[in-house]
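Asker: structural data only, the sequence is not supplied:
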């Protein structure tokens, strides 16, 4: 049975202006939870993703995909000028969350390797994702999603690789993108909290 994820994505005082760093921090935490939820769902679907380097290899690929999607949504909502500080803060905060979790599970490394590794990966792959289409409310086009699936093939055992792209395209990405879209609406909403529900369901 697929994991259901509930995400709180509405400010307590939504009518107060939020800085790009504040909204980016909120979306970074949501993106992290969505990525972990996708991993759990893949495991429940029968994919063997072991704890350790393979776990974080999978999560990093998903996070890059999610952040590229959030960046597209931010452009639509904020415009080109405001999008840049938002996305920069978003990537840096996700890199910190990832570093903390990798260090806890895999042990610390000298310097800031976990963080820098993710930033380098995002910088490299974001130019690839930029070649694909994304529209609202439809989300990513076929090539955008297929590229994620092809990247994830290397993070699962050989016996599972044949099914990764189908699983990602048919089940995981629609679920994840839907949660991100609803979360972006909540995070950028200026409606008072009483005017809308503050939790979003992945049901």
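Answerer: All right, it came through fine. Because the structure is predicted, anything quoted here is derived from the model rather than measured.

Asker: which ones are touching residue 129?
Answerer: Taking Cβ atoms under 8 Å, 6 or more residues apart in numbering, we find residue 129 in contact with 64, 65, 68, 144, 147. Heads up, the C-betas are built off the backbone N, CA and C, glycines and all.

Asker: now the buried members of those residues.
Answerer: 64, 65, 68, 144, 147 (16 or more other Cβ atoms under 10 Å).

Asker: now the residues you listed in CSV, with pLDDT, distance to residue 83 and secondary structure?
Answerer: Formatted as CSV, these follow (pLDDT from 0 to 100; distance: Cβ to Cβ, whole Å; DSSP: H, G, I helix; E, B strand; the rest coil):
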residue, pLDDT, distance to residue 83, secondary structure
64, 99, 17, helix
65, 99, 18, helix
68, 98, 12, helix
144, 98, 18, helix
147, 98, 21, helix
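
Asker: surely residue 115 touches residue 96?
Answerer: Yes - contact status for residue 115 versus residue 96: in contact at 6.4 Å, counting by Cβ atoms under 8 Å.

Asker: more neighbours, these two?
Answerer: For residue 115 and residue 96, the more surrounded residue by other Cβ atoms under 10 Å is residue 115, and the numbers stand at 19 against 16.

Asker: that one and residue 35: what is the separation?
Answerer: 16 Å (Cβ to Cβ, to the nearest Å).

Asker: now do the strands in the protein.
Answerer: Remark: strands assigned in the chain by DSSP state E are 6-8, 134-135, 139-140, 199-201.
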